[in-house]
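J.: After the sequence you'll find the predicted model.
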Amino acid sequence: MAEHGLSRRGLLSGAAAGGAILAIGGIGETAEAATTSGSLPASVDAVVVGGGLSGLVAARNLVKAGNSVLVLEARNRVGGRLLNHTLKGGSVIESGGAFVGPTQNHVLALAKELKVKTFKEYVTGDNVYVSKTLGTLKYTGTVPPDPLILADAAILQLRIDDMASKVPVDAPWSAPDAANLDATTVDSWLRQNTLIPQVREVLKAFFQAAFGTDAEGISMLFFLWYMATAGDETHPGTFERASGTADAAQDSRFVGGSDLLPLRIASALGSRVALNAPVRKIKQTSTGVTVVSDRGTVKARRVIVAVPPPLALGIDWSPLLPPRRLQLLQHMPMGTLMKVDAVYAKPFWRAKGLSGSATFDDGVVRTMFDNCPADAKVGVLLAFIGGSSWQRCAMLPLAERRKLVLAAFAKAVGPEALNPIEYVEHDWTHERWTMGSPVASVQPGATVAYGSTIRQPHGRVHWAGTETSTYWAGYMDGAVRAGERAAAEVAKHL
């Protein structure tokens, strides 16, 4: 699931049995007694397919309600799109979802209960705008100092927020003019509503990091709905809150890494979590559900599927998924995204008065952030490479891609960036059980045609995962909310 490294402050700113260790890094966290081999129970009240944050929250809530539960996770670890990485010196960074912020109340409440602390993302100092025409410019505030985009940027933000306010978070297909908006790509809308092509280039910094795709691949209705979900029941979603850092979606991170959340839930669930257990078949009858995995077959009264949408297509369904549900899944591809971190002995840019955040209007790096751990014992710069930028460099040899990334960092914060002590990449398209990152986007036309099936149970099967949330879809908070909702649905039938 995805969290997003978006613009820093606003619209265009550089914003196992025996306790096997289940994550790369962390702080010695284990999922005690989570099974990696051996037999499974013959039957349980509920099976949860997928051991990411959403599935684990669902399982946790069902266990609290007194139900017997089994989580079947295909990987040899829990966490899904959350993944910690331990650097050579022992510091922990995230290779997956990382950020949380205000109005993300469900994940913050969960973290507090699990005793996982947060710390503020570093925002002190100047941001940097790297332009192929203007060069490298320092700035503060929300919009890079490019005179060509200032007027369009201000108007765009107001229009997007106004349009998003009219999109129901639980039924975007019922929004005013929904069919036309859904048939229009964001890129087409931008071309019709901006005067300067440069604006679209700068906005790639947002779309590539947020969705792992460019504006050409996203429906305007889906985008507006996504902005509308960036809030809660009392705070309407806005582009500012979705894309910003301070007091917005990228406000804070977790001490010790976000993967501590699923690790601690899995530890409490213990042997109820089965690893190395990809689900191959789900067969329903009038009396129950049979779930077939690589570790064995389990009977249940109800099932919650909490996997990235495309993965549900790989399950053999009996009876088959309803046609409209099947079409929706076929129109929800995962984005293409890699996270790249360069590690330095210290965060040298801070001494220069720089925040470590940068926006680029060209090249493979479009967004850059300070990604230091809470104690800043080492300096870390983070790049999100997604969409067309990923296509430009993902197939290059590692040495060539590393050179391109470090050259971009050096343009933003100085030549010291060319010589990191460590270089870390994680390409989520290589993850067999995720198939991309950070989120599944709904393609043009599919929200109106098929979107209403997103949370509709298929007989005894219910749906979780961040994409099914009505608030903070695509983020950790959305994953938690979706897990809670799916568990409540199932508990009513148990």
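T.: Sure, I can see it. Residues are numbered from 1 along each chain as shown.
J.: For the rest of this, base every contact and every neighbour count on C-alpha atoms.
T.: Fine.
J.: So Tyr423 sits against Asp341, correct?
T.: Yes: the criterion here is Cα atoms under 8 Å, and Tyr423 meets it with Asp341 at 5.9 Å.
J.: With neighbour numbers in mind, choose between the two.
T.: More crowded of Tyr423 and Asp341, by other Cα atoms under 10 Å: Asp341, with 28 against 16.
J.: Kindly list the longest helix within the protein.
T.: Across the chain, the longest stretch assigned as helix under DSSP state H is helix 476-493.
J.: Just the buried positions in that helix, please.
T.: Across helix 476-493, burial judged by 16 or more other Cα atoms under 10 Å covers 476-491.
J.: Also stretch 386-400?
T.: For stretch 386-400, burial by neighbour count (16+ other Cα under 10 Å) applies to 386-390, 393-394.
J.: neighbouring strands for the strand ranked longest in the chain, and are they parallel or not?
T.: As assigned by DSSP state E, the longest strand anywhere in the chain is strand 296-305. Strands that pair with strand 296-305, judged by DSSP bridges, come out as strand 43-49 (parallel), strand 289-293 (antiparallel), strand 461-463 (parallel).
J.: now the helix or strand that that strand is followed by: mean pLDDT?
T.: Sequence order places helix 309-312 as the next helix or strand after strand 296-305, per DSSP states H and E. Average pLDDT, helix 309-312: 98.
J.: Can you tell me which helices and strands helix 309-312 packs against?
T.: helix 323-330 (3 or more Cα pairs under 8 Å, 6 or more residues apart in numbering; DSSP states H and E).
J.: CA atoms only: put the helix it packs on into PDB for me.
T.: Output of helix 323-330 as PDB, limited to C-alpha atoms (Å, rounded to 0.1, in the frame of the first residue of the first chain):
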ATOM      1  CA  PRO A 323     -18.400 -10.000 -14.600                       C
ATOM      2  CA  ARG A 324     -18.300  -6.400 -13.500                       C
ATOM      3  CA  ARG A 325     -16.000  -7.200 -10.500                       C
ATOM      4  CA  LEU A 326     -13.700  -9.100 -12.900                       C
ATOM      5  CA  GLN A 327     -13.700  -6.100 -15.300                       C
ATOM      6  CA  LEU A 328     -12.900  -3.700 -12.500                       C
ATOM      7  CA  LEU A 329      -9.900  -5.800 -11.400                       C
ATOM      8  CA  GLN A 330      -8.700  -6.000 -15.000                       C
END
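J.: Give me the buried positions along it.
T.: 324-330.
J.: ok, back up a step: and the strands paired with strand 296-305 as CSV, adding mean neighbour count?
T.: Below are these laid out as CSV (neighbours: other Cα atoms under 10 Å):
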stretch, mean neighbour count
strand 43-49, 24
strand 289-293, 21
strand 461-463, 23
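J.: Just list what the helix or strand Gln391 falls within packs against, helices and strands only.
T.: Assigned by DSSP H and E, Gln391 belongs to helix 387-393. Counting contacts by 3+ Cα pairs under 8 Å, 6+ apart, helix 387-393 packs against helix 197-211, strand 337-344.
J.: what about the helices in the stretch 1-150 of the chain?
T.: All helices of the stretch 1-150 of the chain, identified by DSSP state H, counting those that start in this stretch, fall at 53-64, 105-113, 150-164.
J.: hang on, the earlier thing: could you redo the buried residues of helix 323-330 as CSV and give each row pLDDT and distance to Val413?
T.: Listed next are the buried residues of helix 323-330 as CSV, based on pLDDT from 0 to 100; distance: Cα to Cα, whole Å:
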residue, pLDDT, distance to Val413
Arg324, 98, 49
Arg325, 98, 47
Leu326, 98, 47
Gln327, 98, 46
Leu328, 98, 43
Leu329, 98, 42
Gln330, 98, 42
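J.: what mean pLDDT does the helix holding Gln391 have?
T.: Mean pLDDT, helix 387-393: 96.
J.: before we move on, what about stretch 115-135?
T.: Averaging pLDDT along stretch 115-135 gives 95.
J.: in it, what counts as buried?
T.: Within stretch 115-135, the residues scored as buried using 16+ other Cα under 10 Å are 116-118, 120-123, 125-131.
J.: Any idea how far it is from the middle of the chain?
T.: Averaging C-alpha coordinates over stretch 115-135 and over its chain gives two centres that are 19 Å apart (Cα atoms, centre = their mean, to the nearest Å).
J.: Next: stretch 292-302.
T.: That offset, for stretch 292-302, works out to 28 Å (Cα atoms, centre = their mean).
J.: Tell me, how many residues neighbour Ala473?
T.: Counted with other Cα under 10 Å, Ala473 comes out at 29.
J.: Between its first and last residues, what's the separation in stretch 115-123?
T.: Length of stretch 115-123, first residue to last, Cα to Cα, to the nearest Å: 25 Å.
J.: next one: stretch 427-443
T.: With Cα to Cα as the measure, stretch 427-443 spans 22 Å from end to end.
J.: Buried residues, it. List them.
T.: Buried residues in stretch 427-443, counted by 16+ other Cα under 10 Å: 427-429, 433-443.
J.: want to throw those into JSON lines with pLDDT and distance to Asp162?
T.: Formatted as JSON lines, the buried residues of stretch 427-443 follow (pLDDT from 0 to 100; distance: Cα to Cα, whole Å):
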{"residue": "Asp427", "pLDDT": "98", "distance to Asp162": "35"}
{"residue": "Trp428", "pLDDT": "98", "distance to Asp162": "34"}
{"residue": "Thr429", "pLDDT": "97", "distance to Asp162": "34"}
{"residue": "Trp433", "pLDDT": "97", "distance to Asp162": "37"}
{"residue": "Thr434", "pLDDT": "96", "distance to Asp162": "34"}
{"residue": "Met435", "pLDDT": "95", "distance to Asp162": "34"}
{"residue": "Gly436", "pLDDT": "96", "distance to Asp162": "31"}
{"residue": "Ser437", "pLDDT": "94", "distance to Asp162": "28"}
{"residue": "Pro438", "pLDDT": "96", "distance to Asp162": "26"}
{"residue": "Val439", "pLDDT": "97", "distance to Asp162": "24"}
{"residue": "Ala440", "pLDDT": "97", "distance to Asp162": "24"}
{"residue": "Ser441", "pLDDT": "96", "distance to Asp162": "22"}
{"residue": "Val442", "pLDDT": "96", "distance to Asp162": "21"}
{"residue": "Gln443", "pLDDT": "96", "distance to Asp162": "22"}
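J.: So which of those sit within strands?
T.: Those of those mapping onto strands are Asp427, per DSSP E.
J.: Closest to Ile454 out of the buried residues of stretch 427-443?
T.: Of all those, Ile454 sits closest to Val442, with 10.8 Å by Cα to Cα.
J.: for the closest one, what are its contacts?
T.: 218-219, 222, 328, 331-333 (Cα atoms under 8 Å, 6 or more residues apart in numbering).
J.: Just put those in CSV and tack on secondary structure and distance to Asp251.
T.: Listed next are the contacts of Val442 as CSV, based on DSSP: H, G, I helix; E, B strand; the rest coil; distance: Cα to Cα, whole Å:
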residue, secondary structure, distance to Asp251
Ile218, coil, 26
Ser219, strand, 27
Phe222, helix, 24
Leu328, helix, 32
His331, coil, 31
Met332, coil, 28
Pro333, coil, 28
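J.: Quick one: closest of the strands paired with strand 296-305 to Ala228.
T.: Nearest to Ala228, of all those, is strand 461-463, at 21.2 Å by Cα to Cα.
J.: Residues in contact with that closest one: which ones?
T.: Contact with strand 461-463 is made by 302-306, 454-457, 486, 489-490, as judged by Cα under 8 Å, 6+ apart.
J.: Between the two ends of stretch 459-468, how far is it?
T.: One end of stretch 459-468 to the other measures 17 Å (Cα to Cα).
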